[in-house]
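>>> Dropping a prediction and its sequence here:
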Amino acid sequence: MAQINKPSLHFNTKLYTGSGSAGHSITGVGFQPDWTWIKSRSGTHNAANHRIYDAVRGVTKVIYSNLSNAEGTDAQGLTAFGTDGFTLGTENQSNGSSTEFVAWNWKANGQGSSNTAGSINTTYTSVNTTAGFSISSYAGSGGNGNFGHGLGVKPAMFMIKRLNATEDWAVYHQSMTASHYVNFNTTAAKASNNRWDGEPSSTLISLQNHTAVNASGSNYVCYAFAEKKGYSKFGKYVGNGADDGPFIYCGFKPAFVIYKNSSYTGNWYVFDNKRSPFNLTQTYLKPNATAQEDVTSSDIRLDLVSNGFKMRGANNAQSNHSGNDYIYMAFAENPIVGSNKTPATAK
């Protein structure tokens, strides 16, 4: 498997300050993003929803990682994807005046085209096979069915959201296998599967007849990820209950980490190297909650090091409870050794 030597061409975190004005251009992402996830960090709009936009559904179409709500249309949200970032309207939760924001950005391949590999033809599938990321939109068929994700390899993780009705997010993670699923917008532990019709393949994601993933007449979006050397990792760690927590090998220096206790009720947590440029990395947000950015917990923290990350919280169910399983997704800042033969360094 070829190694990605410059991860920032495919994923990048961008910090910015809102202007409150239409046409506010955010640049410096490093590529044209196809999935942009925005969260406020400060000011009067700090306890706002997480807002997710993508090129497949189209600009101004927004869903929320912390809500079961149907897709919304906001003419003053994200109004355009540009060659080096995106443009915002006057909507306060993505461009409130003087508010600090974080935007996590992934590259796919524009709006894409229909994938006809499965029993369900996608409306659009946008694929970045180099980085192992695809976005698909499809209409549910009812019954069991499957659709083509376009990655060319088995996905390690994917998440599906119903768009035209209220429904929880459904997440598949290879560490839980298709025998379970977990919600992205809640604190619930993993549940016995009634979403997936078996393991995904290198071509298809297979669905059961459930309103969360495949109701007849409903519309859905799916974000799918495959592991790529030097760039992404999707696994689990087991808590040890100690301040000297488990080390998780990724094969790269992480720029972004999300984890959740899949054994027990608990929040999702997201960390990145832009909001916390030095270890300890303890500036976190909760993808399933509107809660403002926080640094106060002595148990919810980690180190981002040259070849992975190390948990630094004690016996806390949210991060390192002894014997509990925690699923994670991580994207790279640098591989261990890049194309210039220079090793990555800890923060």
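The structure has been received and is ready for your questions.
>>> okay, and for the stretch 1-150 of the chain, where does confidence drop off?
For the stretch 1-150 of the chain, the stretches flagged by pLDDT under 70 are 1.
>>> Do you have the strands of it handy? List them.
11-17, 24-27, 35-40, 51-54, 61-62, 72-73, 78-82, 85-88, 100-106, 124-128, 133-139, 145-148 (DSSP state E, counting those that start in this stretch).
>>> Let me know which of these is the nearest to residue 302.
strand 11-17 (16.0 Å; CB to CB). No exception for glycine: its C-beta is placed from N, CA and C like everyone else's.
>>> so what secondary structure elements neighbour that closest one?
Strand 11-17 sits against strand 100-106, strand 252-261, with contacts defined as 3 or more CB pairs under 8 Å, 6 or more residues apart in numbering; DSSP states H and E.
>>> Any idea which of these gets closest to residue 194?
Of all those, it is strand 252-261 that lies closest to residue 194, at 19.7 Å by CB to CB.
>>> where's that closest one relative to the chain centroid, distance-wise?
10 Å (CA atoms, centre = their mean, to the nearest Å).
>>> next one: stretch 306-314
Taking CA atoms, centre = their mean, one finds stretch 306-314 lying 19 Å from the centre of the chain it belongs to.
>>> Ends of it, what's the gap?
22 Å (CA to CA, to the nearest Å).
>>> Same check on stretch 133-151?
So stretch 133-151: terminal residues 7 Å apart, CA to CA.
>>> in that stretch, what's buried?
Across stretch 133-151, burial judged by 16 or more other CB atoms under 10 Å covers 133-141, 145-151.
>>> got it, and stretch 24-38?
Those would be 24, 26, 29-38, for stretch 24-38 by 16+ other CB under 10 Å.
>>> ok, now stretch 46-65?
46, 48-57, 59-65.
>>> would you turn the buried residues of stretch 24-38 into a markdown table with distance to residue 267?
Below are these laid out as a markdown table (distance: CB to CB, whole Å):
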| residue | distance to residue 267 |
| --- | --- |
| 24 | 30 |
| 26 | 27 |
| 29 | 27 |
| 30 | 30 |
| 31 | 30 |
| 32 | 32 |
| 33 | 26 |
| 34 | 27 |
| 35 | 22 |
| 36 | 22 |
| 37 | 16 |
| 38 | 19 |
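>>> Per the annotation, how does this structure divide into domains?
7-106, 124-225, 233-335 (automatic domain parsing).
>>> For the second one, what is the distance to the chain centroid?
Looking back up the chat, that one is domain 124-225. 13 Å.
>>> Stretch 277-294 too?
14 Å.
>>> What would that stretch look like as CSV? C-alpha coordinates only.
Provided in CSV are the C-alpha atoms of stretch 277-294 (Å, rounded to 0.1, in the frame of the first residue of the first chain):
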residue,chain,number,x,y,z
PRO,A,277,-0.7,22.6,19.4
PHE,A,278,1.2,21.2,22.4
ASN,A,279,1.0,18.2,24.6
LEU,A,280,-1.0,17.6,26.8
THR,A,281,-3.7,17.8,24.2
GLN,A,282,-6.7,18.6,26.3
THR,A,283,-8.8,21.0,24.3
TYR,A,284,-11.8,19.0,23.3
LEU,A,285,-15.2,19.2,21.7
LYS,A,286,-18.1,16.7,21.8
PRO,A,287,-19.5,15.8,18.3
ASN,A,288,-22.7,14.6,20.0
ALA,A,289,-23.3,17.8,22.0
THR,A,290,-23.5,21.6,21.6
ALA,A,291,-21.2,22.0,24.6
GLN,A,292,-18.5,24.7,24.1
GLU,A,293,-14.9,23.8,23.8
ASP,A,294,-13.4,22.7,27.1
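>>> Help me confirm that residue 319 is found in a strand?
No - looking at residue 319 with DSSP: H, G, I helix; E, B strand; the rest coil, it is coil, so not inside a strand.
>>> Leaving aside the residues adjacent along the chain, what's closest to it?
Of all residues not flanking residue 319 in the chain, residue 313 sits nearest, at 4.0 Å (CB to CB, 6 or more residues apart in numbering).
>>> so residue 275 sits right up against residue 41, yeah?
Yes - Residue 275 lies in contact with residue 41 (CB atoms under 8 Å); the separation is 7.3 Å.
>>> Need the residues touching each of the two.
102, 293 (CB atoms under 8 Å, 6 or more residues apart in numbering).
>>> ok now do residue 43, which residues does it touch?
Residue 43 neighbours (CB under 8 Å, 6+ apart): 96, 98-100.
>>> Can you tell me which of the residues you listed are buried?
Buried members of these, counted by 16+ other CB under 10 Å: 96, 99-100.
>>> okay, these in a markdown table with distance to residue 179 next?
Below are these laid out as a markdown table (distance: CB to CB, whole Å):
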| residue | distance to residue 179 |
| --- | --- |
| 96 | 43 |
| 99 | 42 |
| 100 | 41 |
